[in-house]
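> Return atomic coordinates for the entry below.
(chains A and B)
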Amino acid sequence: MRIPPVTLLLVWFCCVPFAARADVYYVDGKKGSDSYDGRSPDAEHALATIQEAARRAGPGDVITVAEGVYEGPVELHIAGEPGRPITIQAASRKKNAVVITNAEPALRKGAVPWTLVDESLGLYRAPMARPTCRILYSGVDLQPYASLEALKAFVGLDGNPGPRHGYYYNEKEQMLYVRLHASGKYGSPNPADHLISAGPRTGGGSAGNNYDGPLFFNLGLRGNRPLHVVVDGFTFETPGYAGVYVDGSDVVVRNSWFLGCRAGVSGRRESADPSVTSNRVTVEFSDYSQYPAYDDMIELLELRKAGRVSVAEKKFPLFWWSRKGNGAGNNKTYETGICNLVGSDWIVRNNDIHDAFEGLSTWAIRWSKGLVVAHNRLERLVDNAVESEDHAFGMKIYGNYIFNVVEPFSWQPLGGEPWPGSVYIYDNVVQSDLALNQLITAVSDWTPGWFKAGASSQNWEAPWNSHMKDVSRDVVRAPGDGVVVFNNTVFFPGGEFLTRVQPPERKFENFRFVNNVSVAAGFSRQEEDLGGGIAFSHNAWAYAPEGGVRGQVFAGADGTVFSESSAAWIAAMSDNVEAILEGAPWKDLPGTGVPSAAAAFPGAAEIGTVGAGLNGRPWKMPETGPRE
Amino acid sequence: MKRAISSFIVLPLLLIGFGSLQGATLLDDAVAYWGFEGNLDGTHSINLADVSGTTTGMSPTIVPAFNPVSGIKAVNAGTQAVAFDGTNVLKSNSPSLRIGGAQTLWLRVNLGSIPAGTVAFMTRSRPVNSQRGISLQMTNGRLQGYLSADGTTYDTQLTSATSYALQASSWYDISMRFDPSNVLRIDLYDPMTGTLLDSMETTTNVPASISTSNSIGSGYFQVGSINNGGAGSSYLVPNGTLIESAAVWNSYLSDDQIRTLSAVPEPRSISMLMMGGASLAMILRLSRAR
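Reported below is the predicted structural model:
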């Protein structure tokens, strides 16, 4: 049947007014003007600022930002609607294509001359009016030192050595001093040869991670309400703390690069009360790095091994923790991660989180509820991939690939009750190089463990834990379903399973390790440690290198200890991880159901296999990072 | 053709002037704006008086001193600034400045020194017990903001131990904005470069309004100190301080408006002028060729 044109026209007129319209506003910082209409990307129509586009955009609209450098902070008061978010997208998702930066403008443009102060040290200085908390030279992170003398000697506040490049800012003189790496491996040691990005001061609070003004962020989504905003494809550079600050809830940040960002995405505050936190935020397919934090650690370990740096006597064995705050004070600590001040129901997935101190630290997730950390690659991290302390509730960590992270998982509360839990860790693959664990052991008289756990005495004795004075110290019971670690595959040669941070007489309760594979040198550094209350069953253990004796403890009831030579295991572990998993000797081992994890994984009660790749489903390396 | 030529000339000139025009409109909208161009006159007939800050009742008035100013690159920069010797302050008892709701305080200042302790830049009202309604001040070189709804306690305290430390003999544009029940915010700009040096805000305990009663203390609005009633003023700005201009709005200015007040003309405008000139030359040459 042929429909008359008049009818079609009528239908069109009737439908169009009710259809959801999506307008596109174009921003071009180089060619645009805020007096234009913004309806085309060309120089006659594009707007000049993201702020102006945001003022015009409504629910369902899209703001497309042309390549270029946009000076932050960019502060927006916008909100979409459920199903009709406002999308702010970069015209190109390539690294450094669309940059929002809080870097000091003149320094970044190379308009400030550098003066060579000491040629023998490679020490340069340049005037800079405002304090800073992060500096990059051509994308390479410079760690702060507490004084000019400390920078000259590369020594931290605790007397231990720091990275072989760094900066010091003299606030009184308003002078920035830098020493770039003399080896040339990060380019010229002359700062004039680099793009220098010096962010503003950091945020408030002892860790500098509390929002205290717009310099805190590159892009701020303001308004403590449901925002329904999608941020896509930007490069965020040297904010006071976070690339994106989410004042409200319901935001997605994806395909973004976080360079010199203390955190990638931050909520508004931490609280046990979800009505005052930022909730339902997703961070996905992004890249977070503090490069070269890991390489700096390796360099310090190698220097120590060669006897070329000395360490402070009788101090904490982890002398390479300069970035934790030992370099220039706790409020500049690198103990941060891709997120900060996480509220309820955040999702962190498919990201590359690498070359940093932490993946997700306690400052990020202390009061998180329902956080999902899934299908990320967490690689080359100085401390932990994911911390669950102090009070995380309902955290799920699954499907991640974790490579060369010194101690991948941590359950180490310092805030007393409520202890972290439920925490579910499953279907992850952990792989570390034998050389890494052996190097750390050789130079520090300390060996990493792939699971760090325990409640130290601080939980009762620290001044902020007065609510704990009547709580028993004998047992630490994880609440809810507890800490449930199941069906992970961990290659951790030369390392231990457990780093125990509570005294042996204090028992773990409601901790379960089921169906896991652990390839490691030993159970824990404390020879008498048998897990202290942790329930083990149906796990598989192999020694690498051989020589340990407590693998059976980890294997637990109906578990398996392999007798293959450690050389074979270590050789196998250097292979492609998916190939290893495909031909794994534990493939046919019987696993068991994990009913206590049913709230996290619906098929948990019916699990019948061991290791990552649940119930015979092949484990796949996650797809991660910004997609062009 | 004539019209076309006019457009080529006028457009770049308009673009150059746009920034300053924006600023001028903004200043016109202020409750009061003081340029300190050799006098203490403000817009809308709200003038300031230069008085001794150390004497009871803040009297007598004294003859203000003005210093020449040059080199500030921001638009709206004047040629003179009112000078402070460590004893004098500027005051007004205009009811128009007793604003209870949203407001913005702004000034361009160059400090003679950075003294230990507190100095006050712009304040209003002395409620009781040395408190005040609203105060933009600096302690040990770092900016601070205070609000009190009833004069008995500070409802809102905006401070930061890590904020930008001001230096002596440098020009700064400082603003403090109050959005009732929402936020108290300070922005610090460099009027030589237009760069945002610092920005801090708090949303904690921000009151719905500030008392506008002038029965609380003297009710004076002051530039350069806070009023301490019978004992005179406290927190006087130090000797050698210059204030080039100041303003008060009875609204919460937007971020863009604050930025505009410190904006330095973009080189782009100059390049467009040159482009406009080149276009004019080309058109004239074409006209002659015909």
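> how is chain A carved up into domains?
A:5-91, A:412-451+A:481-628 (automatic domain parsing).
> Nearest to chain B among those would be which one?
For chain B, the closest of these is domain A:5-91, at 5.7 Å, according to Cβ to the nearest Cβ. C-beta here means a position set from N, CA and C on the backbone, and glycine is covered the same way.
> how far is the closest one from where the chain is centred?
Put simply, domain A:5-91 sits 32 Å off its chain's centre (Cα atoms, centre = their mean, to the nearest Å).
> can you tell me if it touches chain B.
Yes - on the criterion Cβ under 8 Å from any Cβ of the partner chain, domain A:5-91 is in touch with chain B at A:51, A:73, A:75.
> Tell me how many other residues crowd the nearest residue to A:Val117 once chain neighbours are set aside.
Nearest residue to A:Val117, sequence neighbours excluded (Cβ to Cβ, 6 or more residues apart in numbering or on different chains): A:Leu123, at 4.5 Å. Using other Cβ atoms under 10 Å in any protein chain shown, A:Leu123 is surrounded by 19 other residues.
> which residue does the stretch 251-400 of chain A bring closest to chain B?
Taking Cβ to the nearest Cβ, the stretch 251-400 of chain A has A:Asn331 as its residue nearest chain B, at 6.6 Å.
> what's that residue in contact with, if anything?
A:133, A:202, A:205-208, A:325, B:162 (Cβ atoms under 8 Å, 6 or more residues apart in numbering or on different chains).
> Could you identify the buried members of those residues?
Neighbour-count burial (16 or more other Cβ atoms under 10 Å in any protein chain shown) applied to the contacts of A:Asn331 gives A:133, A:202, A:207-208, A:325, B:162.
> Those residues: which two are farthest apart?
A:Gly325 and B:Thr162 (14.1 Å; Cβ to Cβ).
> Make sure I have this right: the residue of the stretch 251-400 of chain A closest to chain B is in a helix.
Yes - according to DSSP: H, G, I helix; E, B strand; the rest coil, the state of A:Asn331 is that of a helix.
> Output stretch A:340-349 as PDB - backbone C-alpha positions only.
In PDB, the C-alpha atoms belonging to stretch A:340-349 read as follows (Å, rounded to 0.1, in the frame of the first residue of the first chain):
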ATOM      1  CA  ASN A 340      39.200   9.100  45.400                       C
ATOM      2  CA  LEU A 341      36.500   9.400  48.000                       C
ATOM      3  CA  VAL A 342      34.300   6.700  46.600                       C
ATOM      4  CA  GLY A 343      30.700   6.500  47.700                       C
ATOM      5  CA  SER A 344      28.100   3.900  46.900                       C
ATOM      6  CA  ASP A 345      27.900   1.700  43.800                       C
ATOM      7  CA  TRP A 346      31.000   2.800  41.900                       C
ATOM      8  CA  ILE A 347      32.300   0.700  39.100                       C
ATOM      9  CA  VAL A 348      35.900   0.700  38.100                       C
ATOM     10  CA  ARG A 349      36.300  -1.500  35.000                       C
END
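> Averaged pLDDT, it. What do you get?
In this model, stretch A:340-349 carries a mean pLDDT of 98.
> which residues touch it?
By Cβ under 8 Å, 6+ apart, stretch A:340-349 touches A:209-211, A:241-242, A:249, A:262-263, A:265-271, A:274, A:277-284, A:338-339, A:360, A:363-365, A:367-376.
> Could you save the buried ones among the contacts of A:Asn331 as CSV and add columns showing pLDDT and distance to B:Pro95?
Shown next, in CSV, are the buried ones among the contacts of A:Asn331 (pLDDT from 0 to 100; distance: Cβ to Cβ, whole Å):
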residue, pLDDT, distance to B:Pro95
A:Cys133, 94, 45
A:Thr202, 93, 42
A:Ala207, 93, 46
A:Gly208, 94, 43
A:Gly325, 87, 52
B:Thr162, 85, 39
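> Could you tell me the average pLDDT over the helix or strand hosting B:Tyr33, please?
Using DSSP states H and E, the element containing B:Tyr33 is strand B:32-34. Mean pLDDT, strand B:32-34: 97.
> C-terminal to that strand, what's the next element?
Using DSSP H and E, the helix or strand that follows strand B:32-34 in sequence is strand B:49-52.
> Please determine how far the nearest residue to B:Ser59 once chain neighbours are set aside is located from chain A.
Excluding its sequence neighbours, the residue lying closest to B:Ser59 (Cβ to Cβ, 6+ apart) is B:Val51, at 6.0 Å. Using Cβ to the nearest Cβ, to the nearest Å, we find B:Val51 at a distance of 34 Å from chain A.
> Run a quick check on B:Val51 versus B:Thr61, I expect a contact.
Yes - between B:Val51 and B:Thr61 there is a contact at 5.2 Å, judged by Cβ atoms under 8 Å.
> quick one, which of the two is more surrounded?
It is B:Val51, of B:Val51 and B:Thr61, that has more neighbours when counted by other Cβ under 10 Å, with 25 against 13.
> For that one, name its beta-bridge partners.
Note on B:Val51: beta-bridge partners B:Thr61, B:Val89, judged by DSSP bridges.
> so what's it up against?
Neighbour list for B:Val51: B:58-62, B:88-91 [criterion: Cβ under 8 Å, 6+ apart].
> CSV please, covering those residues and showing pLDDT and distance to A:Asp445.
Formatted as CSV, the contacts of B:Val51 follow (pLDDT from 0 to 100; distance: Cβ to Cβ, whole Å):
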residue, pLDDT, distance to A:Asp445
B:Met58, 75, 70
B:Ser59, 77, 75
B:Pro60, 80, 77
B:Thr61, 88, 76
B:Ile62, 91, 73
B:Asn88, 94, 67
B:Val89, 93, 65
B:Leu90, 95, 67
B:Lys91, 91, 69
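> tell me which of those residues is nearest to A:Ser388?
Using Cβ to Cβ, the contacts of B:Val51 come closest to A:Ser388 at B:Val89, 56.2 Å.
> From the structure, what's the count of residues near A:Arg308?
10.
> cool, and the one 4 residues further on?
Residue crowding around A:Ala312 was assessed by other Cβ under 10 Å; the count is 14.
> Can you tell me the element the closest residue to chain A within chain B falls in?
Relative to chain A, the nearest point of chain B is B:Met200 (3.7 Å; Cβ to the nearest Cβ). Under the criterion of DSSP H and E, B:Met200 resides in strand B:195-202.
> immediately after that strand, which helix or strand?
With DSSP H and E setting the assignment, the helix or strand that follows strand B:195-202 is strand B:221-223.
> Thank you, goodbye.
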